[in-house]
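> Sharing a model prediction with you, sequence too.
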Amino acid sequence: MTFNPDADVSGNTARRRGRGAVVAGAGGVGLLAIIALIAGPLLGIDLTGLLGGGGTTGGGSEPQGGSVIENCLTGEDANENVDCRVAASQLALDGFWEDEVDPYRAPQLVIVDGATSTACGTASNAVGPFYCPPDETVYIDPTFFDLMQQQFGASAGDLAQLYIVGHEWGHHIQNITGVMTDYPNNGTGPDSNGVRIELQADCYAGAWIGQMTREKDKNGVPYLLAPTETELEDALNAANTVGDDNIQQQSSGTVNPESFTHGTSVQRKAWFADGYQNGLQVCGQPLTVSGDEL
């Protein structure tokens, strides 16, 4: 259980979009590069084009703007349904960042079902969670959590799922505060800006989870319950699973640090934990410390 069962989460504005399935190309930030490495070998297709932008679109038409997430009114609904859980997390994330960033501009949140067009190309069931800066939208395909469980042995429980959503929200914060402009893509490698951006987003996710009971609904009920030790271990397990070294070892049997885009499992767990324990004040460090200190 992660959400307070009595919390009112009906105010979320998440939308479901997608119809059909396509192989996508995109320029989003976050777990996109990971999916290119994971899903390609699993599906027998080449998704490395996701790392560079541009791609194909397809599938049928879909309602403009998408449809509401049905049966997502209470925290109990969020605890029972993954789509509602992702949608409801928007309320706690927006509340947290409104208190921390002035001015704050909320991202949109789209639950991807099959495939949908974005300003970064096509989000599909082969892509997974990512943030698209041009349209300031977080795209989450909940089947990614099943992939983590089935193919990589991650528990990918409720708090781990919220860590991933919080990580993508962190990229939105980097976008609206100018971090992405100040630290542009300069290639891959263990000391690259890409790795630093990803580790900061992990820190942001940890800082939010450390304060996750702070935000309340209109009746004063906290949206989220304090995490248990088991749930925190689950979130750390997710961070470990999406480390570059773990993904490369699992997919090819070799590790090439010069191709890193997100950081190692140890780094991702460490920066999540640092944010959780010490708050946002430590989350600027991934951008400034030496490569040896990452």
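Everything's here; your move. Residues are numbered from 1 along each chain as shown.

> For residue 151, give its distance to residue 145.
Counting by Cβ to Cβ, to the nearest Å, the separation of residue 151 from residue 145 is 11 Å. In this view, the C-beta of every residue, glycine as well, is placed from N, C-alpha and C.

> Between the two, point out the one with more neighbours.
residue 145 (24 against 15; other Cβ atoms under 10 Å).

> Touching, that one and residue 156? I think so.
Yes: Residue 145 is in contact with residue 156 according to Cβ atoms under 8 Å; the separation is 4.5 Å.

> Can you say which helix or strand has the residue nearest to residue 280 when sequence neighbours are not counted in it?
Spatial nearest neighbour of residue 280, chain neighbours left out: residue 207 (4.7 Å); criterion: Cβ to Cβ, 6 or more residues apart in numbering. Under the criterion of DSSP states H and E, residue 207 resides in helix 193-210.

> chain center to the helix or strand just after that helix: distance?
In the C-terminal direction, the helix or strand that comes right after helix 193-210 (DSSP H and E) is helix 229-241. Relative to the chain's own centre, helix 229-241 is displaced by 14 Å; criterion: Cα atoms, centre = their mean, to the nearest Å.

> Tell me where this structure has strands.
Ranges of strands in the chain, per DSSP state E, are 15-17, 29-30, 67-68, 108-112, 115-118, 121-124, 130-132, 137-140.

> export those to TSV and tack on mean neighbour count?
Supplementary listing: the strands of the chain in TSV, determined by neighbours: other Cβ atoms under 10 Å:
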stretch	mean neighbour count
strand 15-17	19
strand 29-30	26
strand 67-68	13
strand 108-112	23
strand 115-118	23
strand 121-124	27
strand 130-132	28
strand 137-140	26
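
> Which among the ones you listed is found nearest to residue 192?
With Cβ to Cβ, the closest approach to residue 192 among these belongs to strand 29-30: 13.2 Å.
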